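Asks: what's the 3D shape of this:
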Amino acid sequence: MDDSAVLAAGRAVVQAEAEALGKVAASLDGVFVEASRRVASCAGRVVVLGVGKSWLIGQKISATLASLGTPSFPLHAGEAVHGDLGRLVAGDLVLALSNSGRTDEVLRCVPSCRARGVGLIALTADGDSPLARAADLTLAIGAHPEPGPLGMAPTASTTAALAVGDALALAAAALRGFSAGDWAAAHPGGALGLPFKRVRDVMRQAARVAVAAPDDLVRDALWSMTRARAGMVSVVDQGRLVGVFTDGDLRRSLGRDPGVLDRAIRAVMTTSPLCVAADALVAAACASMAARQVDEVPVVDADGALVGVLDVQDLLTPR
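Replies: Below you'll find the model as predicted:
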């Protein structure tokens, strides 16, 4: 098998999966709308049930639901019938994945779901399968030929199921009005959530903020910056921010006036600096900083009082 044949085989797989996605997208109808509303209004957890490759796809769907604010966990059908059905409570909603709709382990879970007052949505290729007939709603995504020399490995079918699961999760989030704040709350430790945090959550405070009075000498202000390990000192008069002085300002000032270290900082400070509010989104604050080409900005309240400093260095390593 030469290189061109390998490349052709790879492209055929991707093309087959793309075609499956196109067909599934065109097939979504009112049942998808109702399923999305059921997920959005679920009072309990959305439990994604499956076995084999469907179980693996189900884990990703469950993770996406949780990431978008829908409480969810994956449940392996084989383990479920050996005790894990005890995880289900009234008010939960089961999303059962089975391409054939005839997977024995999944079907054996249906009576227990009914006994516990748990809703059931089926995600299957066959809308007339036993699982489809047992479910409250069925997302019948159709059969999709699996690419490859044997046409057996679940690929196009699992891609189609994953896409519909993602669509459910995102549609439900939209129905609930999932917000940037909700996203940040669900992603407190990663780069994905950082832009949607509020400035107050990441700003420097207390000893990490360099502060000077207007009549302080520049050399004394520099010591304040050194102690705070900052590149900017905020100049405060009677609690209000009146200016800033940065290490860049110092370099420029020294070029014009070698005696600047012994001048009052009010003579050389920037009197109209960029400021941000504590409740501003980090993404918006960073955009303003980039537009002004500054790395550090004071954070002020509605009265102009200094409450902290936002430093781009603190954003390079997500908290």
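Asks: CA only for contacts and neighbour counts going forward, please
Replies: Will do.
Asks: surely Met203 is in contact with Leu310?
Replies: Yes. Counting by C-alpha atoms under 8 Å, Leu310 is a contact partner of Met203 at 4.7 Å.
Asks: who's more crowded, those two?
Replies: Neighbour tally, Met203 and Leu310, criterion other C-alpha atoms under 10 Å: the higher count belongs to Leu310, 28 against 22.
Asks: shared neighbours of Met203 and Leu310, anything?
Replies: Counting by C-alpha atoms under 8 Å, 6 or more residues apart in numbering, the contacts common to Met203 and Leu310 are Val299.
Asks: give me phi/psi at the residue of the chain most remote from its centre?
Replies: In terms of distance from the mean C-alpha position of the chain, Gly259 ranks first, at 50.9 Å (C-alpha atoms, centre = their mean). Per-residue torsions, Gly259: phi -90, psi 20 (degrees, to the nearest 10).
Asks: same check on the one 5 residues further on?
Replies: Here the main-chain torsion angles of Ala264 (degrees, to the nearest 10) amount to phi -70, psi 140.
Asks: His144 too?
Replies: According to degrees, to the nearest 10, His144 has phi -130, psi 120.
Asks: next one, pLDDT for it please.
Replies: The score at His144 is 90. That number is its pLDDT.
Asks: quick one: contacts for it?
Replies: With C-alpha under 8 Å, 6+ apart, His144 has these contacts: 20, 156-157.
Asks: helix or strand for the closest residue in space to Gly148 that isn't next to it in sequence, which one?
Replies: In space, and not counting its chain neighbours, Gly148 is closest to Val13: 6.8 Å by C-alpha to C-alpha, 6 or more residues apart in numbering. Counting by DSSP states H and E, the element that carries Val13 is helix 3-27.
Asks: which is the next helix or strand following that helix?
Replies: Going down the chain from helix 3-27, the next helix or strand is helix 30-40, by DSSP H and E.
Asks: now that following helix: average pLDDT?
Replies: Rounded mean pLDDT across helix 30-40 is 97.
Asks: helices and strands around the strand or helix carrying Leu123, which ones?
Replies: Leu123 is located in strand 119-124, with elements delineated by DSSP H and E. Contact here means 3 or more C-alpha pairs under 8 Å, 6 or more residues apart in numbering; DSSP states H and E; on that basis strand 119-124 packs against strand 93-97, helix 130-134, strand 137-140.
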